[in-house]
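K.L.:
for reference, the sequence and a predicted model appear below.
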Amino acid sequence: MLGYSPFGKQFRFALQTVKDNIGLFTTEIYDKINQIVAAHGHTVIGNADVLNGGCDSFVVETDVHFPTDINLLLDALRKIIFLIMALCKENGITVWRKGMFNFRKIKRLFTKIRRMKHSSSKNPEKKEERNQLIKKAHELYLDLAQAIVDKAVESLILLSSTDIDAITQLKTDEIRRYIAHAQRQIDQIRRRVIDGETIPHHEKVFSIFEEHTKWICKGKAGVPHESGLNVCIVKDQFGFILHHLVMENESDVQIAVPIITQTKERFENFNSCSFDKGFHSPENQKEPAEILDSVILPRKGKLSAVNREIEHSDDFREARRKHSAVESSINALENHGLDRCPDHGIDGFKRYVGQAVLARNIQILGHVIQQKKLKVRQRLTKKQRSQSCQKKVEIQHGLIKRQNCQLQLTS
């Protein structure tokens, strides 16, 4: 990875060098290394002929601020102004000399809107008056934003009329991408505030920088929503994470069969898996059962007599009690840095999740090796103690015999 040879000269590598090389790893490489680590861990344990897994999903947040339509528009305008100011300066165009003034002006309007609250008065006239003030502030904000976007489009047309190199072309493409974000946000704010329309969820974007970010509501106590992506993991009875998948546009129901199939391809002795009710569907009750010997998947709603008998059996209940162990792996991943992903882009997100899963398996492997060494040390200590105790007894017996002999001689 670093060009280091144990037979040559000893080198010390800077931390940034290690980070740069680690960043070159792909998710496929991390997956292969993870399989090697998990398989070696099973070899060290020695009794891993049958793997019983547990499958669950959790949210990994992206490194974004709380999304509102007005601050997403401000983000887009900020990037447009700063990027096009630098680009025009490089090409000798002076139409953006007041760019910072325009940005401060748009930010003042944003701050004014953010601080405005709807009236809580019971008087309908006061409520309507307050609503009109909010609409007026939004109209001023949108008018200035549209003026900045129009000016940016004109500047790009002016730049495209000249000969530009490849680097300038890449910069203009980036500016056009932020212009598209700004135009979408202007349209949605106008529809929501001015026209009183409800924006459909599928039209919303929750970050212009991390566009893969989703608004996830899992219904957990104290956590009404999270901004990120779901990650599904499969953990065996020894604590090793056998496989994981980042769920971009998928739900728990859709991911159940693919993750079981892929885990079975990686580990042939993977024979059973438990789920929670969120993975239930009629298809998921049948298809995983054709792949694995045993599938523990509780059904939703009222149970039939046959299903009630299955889910009330001792084996089913025992497997459901053990399913909570997968939460310990999720909690360990989150406590060791997987609660929020600081990397950028969907590829960086997947790479970061792969690193976290591999690190967790290495940690489990190290714990297994430590426990084996500790048991060996305890056995040796116990043996040494028994030997020392035996020697003490022998010495005491020798002293007693010597004393008896002396008494016999004196008598």
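P.N.:
Here it is on my side, so go on.
K.L.:
quick one, phi/psi of the nearest residue to L297 once chain neighbours are set aside?
P.N.:
Excluding its sequence neighbours, the residue lying closest to L297 (CB to CB, 6 or more residues apart in numbering) is F275, at 4.6 Å. All C-beta atoms are positioned from the backbone trio N, CA, C, and that covers glycine. Per-residue torsions, F275: phi -130, psi 170 (degrees, to the nearest 10).
K.L.:
list the contacts for F275?
P.N.:
G54, C55, D56, A256, N284, V295, I296, L297, P298, H323 (CB atoms under 8 Å, 6 or more residues apart in numbering).
K.L.:
so what pLDDT did it get?
P.N.:
For F275, the pLDDT comes out at 91.
K.L.:
how about R308?
P.N.:
Value for R308, per-residue pLDDT: 85.
K.L.:
just give the number of residues close to it.
P.N.:
12 (other CB atoms under 10 Å).
K.L.:
of the contacts of F275, which belong to strands?
P.N.:
G54, C55, D56, V295, I296 (DSSP state E).
K.L.:
neighbour count and distance to R130 for the residues you listed - can I get that in a markdown table?
P.N.:
Shown next, in a markdown table, are the ones in strands among the contacts of F275 (neighbours: other CB atoms under 10 Å; distance: CB to CB, whole Å):
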| residue | neighbour count | distance to R130 |
| --- | --- | --- |
| G54 | 24 | 53 |
| C55 | 27 | 50 |
| D56 | 21 | 46 |
| V295 | 22 | 57 |
| I296 | 24 | 55 |
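K.L.:
just to be sure, V205 is in a strand?
P.N.:
No - in this structure, V205 is coil, not part of a strand, as judged by DSSP: H, G, I helix; E, B strand; the rest coil.
K.L.:
please report how far the residue nearest to T162 when sequence neighbours are not counted lies from N102.
P.N.:
With sequence-adjacent residues excluded and distances taken as CB to CB, 6+ apart, T162 is closest to N91, at 7.0 Å. As judged by CB to CB, to the nearest Å, N91 and N102 stand 19 Å apart.
K.L.:
now do the same contact list for V44.
P.N.:
Applying CB under 8 Å, 6+ apart to V44 gives the contacts L365, V368, I369, K372.
K.L.:
which one of these is nearest to A182?
P.N.:
L365 (49.2 Å; CB to CB).
K.L.:
so that closest one touches I36, yeah?
P.N.:
No - L365 is not in contact with I36 according to CB atoms under 8 Å; the separation is 10.5 Å.
K.L.:
compare those two (neighbour count), which wins?
P.N.:
L365 (20 against 11).
K.L.:
gap between that one and A38?
P.N.:
8 Å.
K.L.:
kindly report the same for I84.
P.N.:
According to CB to CB, I84 and A38 sit 50 Å apart.
K.L.:
L242 too?
P.N.:
6 Å.
K.L.:
thought the residue nearest to T162 was touching T168?
P.N.:
Yes - counting by CB under 8 Å, N91 touches T168, with 7.4 Å between them.
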